[in-house]
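A.B. asks: sequence? don't have it. structure:
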């Protein structure tokens, strides 16, 4: 992550909800920028006050004032209010502004149609683990975006986890996999803990075992670079406990269920995108 990409730049958050606050928290915690480089506006005055006071950033009086002040604009708003917000700030956005959208399902074209020609646009799909600086964000750039602009977006979201460059056509798949994915993992953690409870563990102990096992397994995969199948085989002794458990997983169709979940969530994301567009 290159901190120099944001050196001296002013970042404005249109919306001060949970995702905006997670990004602000990450930027400040990793000292990518200072609080004087960040401002936000939110229609809920109490929410804006909370974020401004908690993190020491500037709370703007309107979206218009925010956009006039900032060079990098982060659209951290719900898709259903995106059109209204763009109607307000669109005329103020031009070639001197970089827009980074977090609005789920809102296409680059939708934003481009609402702003002045030459506005640089990057669409993103982060996920909720960004709130603990362990997220993953898909980034898709408009053709007008420079390598420097893209590095700015990578730096912003690199403060809350990993970033992956993808084609915009894969945004719905990223939503189905990583956007919705934490919910699938929570179900897995809950189910593993239930198994521990069934075998006599207390709920609290079983949940710690389950959650830390998922966390550790993911870390082992990311840091070794080994294929998941190789790591699975390392745990699976002939005639042992793990193969007995894996047999039940295969009988239960867990793999197919997870694949189907990603597909169903992707299709729903496509539907919602057509509705918002």
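C.D. replies: Happy to help now that I have it. Predicted model, so just to flag it, every value in this text is computed and none were measured.
A.B. asks: Residue 70 and residue 38: what is the separation?
C.D. replies: 9 Å (Cβ to Cβ, to the nearest Å). All C-beta atoms are positioned from the backbone trio N, CA, C, and that covers glycine.
A.B. asks: what do these two both touch?
C.D. replies: Residues touching both residue 70 and residue 38 by Cβ atoms under 8 Å, 6 or more residues apart in numbering: 10-12.
A.B. asks: Residue 47 belongs to a helix?
C.D. replies: Yes: counting by DSSP: H, G, I helix; E, B strand; the rest coil, residue 47 falls inside a helix.
A.B. asks: out of everything not next to it in sequence, what's closest to it?
C.D. replies: residue 16 (5.4 Å; Cβ to Cβ, 6 or more residues apart in numbering).
A.B. asks: now residue 232
C.D. replies: Per Cβ to Cβ, 6+ apart, closest to residue 232 is residue 246, 7.6 Å.
A.B. asks: helix/strand/coil for the one you found?
C.D. replies: Using three-state DSSP, the structure places residue 246 in helix.
A.B. asks: That one touches residue 235, doesn't it?
C.D. replies: No: using Cβ atoms under 8 Å, residue 246 makes no contact with residue 235, being 9.2 Å away.
A.B. asks: Let me see the contact set for residue 267.
C.D. replies: Per Cβ under 8 Å, 6+ apart, neighbours of residue 267: 172, 176.
A.B. asks: So for the helix or strand hosting it, what gets flagged as buried?
C.D. replies: Here residue 267 sits within helix 254-276, counting by DSSP states H and E. The neighbour-count check on helix 254-276 (16 or more other Cβ atoms under 10 Å) flags 258, 261-262, 265-266, 269-270, 272-273, 276 as buried.
A.B. asks: between these, which is nearest residue 217?
C.D. replies: Comparing these against residue 217 with Cβ to Cβ places residue 258 closest, at 14.7 Å.
A.B. asks: a helix runs through residue 140, doesn't it?
C.D. replies: No: Residue 140 is assigned strand when assessed by three-state DSSP, not a helix.
A.B. asks: Find the helix or strand that residue 122 is a member of.
C.D. replies: Here residue 122 sits within strand 120-125, counting by DSSP H and E.
A.B. asks: Does anything pack onto that strand? Which helices or strands?
C.D. replies: For strand 120-125, the packing partners by 3 or more Cβ pairs under 8 Å, 6 or more residues apart in numbering; DSSP states H and E come out as strand 98-101, helix 108-112, strand 135-141, helix 147-158, helix 171-174.
A.B. asks: With distance to residue 60 added, can I get those in a markdown table?
C.D. replies: Shown next, in a markdown table, are those (distance: least, Cβ to Cβ, whole Å):
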| stretch | distance to residue 60 |
| --- | --- |
| strand 98-101 | 16 |
| helix 108-112 | 20 |
| strand 135-141 | 24 |
| helix 147-158 | 18 |
| helix 171-174 | 29 |
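A.B. asks: for those, which one ends up most surrounded?
C.D. replies: Comparing the helices and strands packed on strand 120-125 by mean neighbour count (mean count of other Cβ atoms under 10 Å), strand 98-101 comes out on top with a mean of 26.
A.B. asks: sorry, back to before: can you give me the offset of the helix holding residue 267 from its chain's centre?
C.D. replies: Mean-position distance between helix 254-276 and its chain equals 17 Å (Cα atoms, centre = their mean, to the nearest Å).
A.B. asks: Specify the angle between that helix and strand 120-125 in degrees.
C.D. replies: Note on geometry: by axes from the mean of the first three to the mean of the last three Cα atoms, to 10 degrees, helix 254-276 and strand 120-125 are set 140 degrees apart in direction.
A.B. asks: average pLDDT for helix 254-276?
C.D. replies: Average pLDDT, helix 254-276: 91.
A.B. asks: now stretch 120-132
C.D. replies: 95.
A.B. asks: hmm, back to that, closest one to residue 199 among the helices and strands packed on strand 120-125?
C.D. replies: Nearest to residue 199, of all the helices and strands packed on strand 120-125, is strand 135-141, at 32.8 Å by Cβ to Cβ.
A.B. asks: elements contacting the closest one?
C.D. replies: strand 120-125, helix 147-158, strand 161-165, helix 171-174.
A.B. asks: Reformat these as a markdown table; add distance to residue 227.
C.D. replies: As requested, these are exported to a markdown table (distance: least, Cβ to Cβ, whole Å):
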| stretch | distance to residue 227 |
| --- | --- |
| strand 120-125 | 25 |
| helix 147-158 | 25 |
| strand 161-165 | 18 |
| helix 171-174 | 21 |
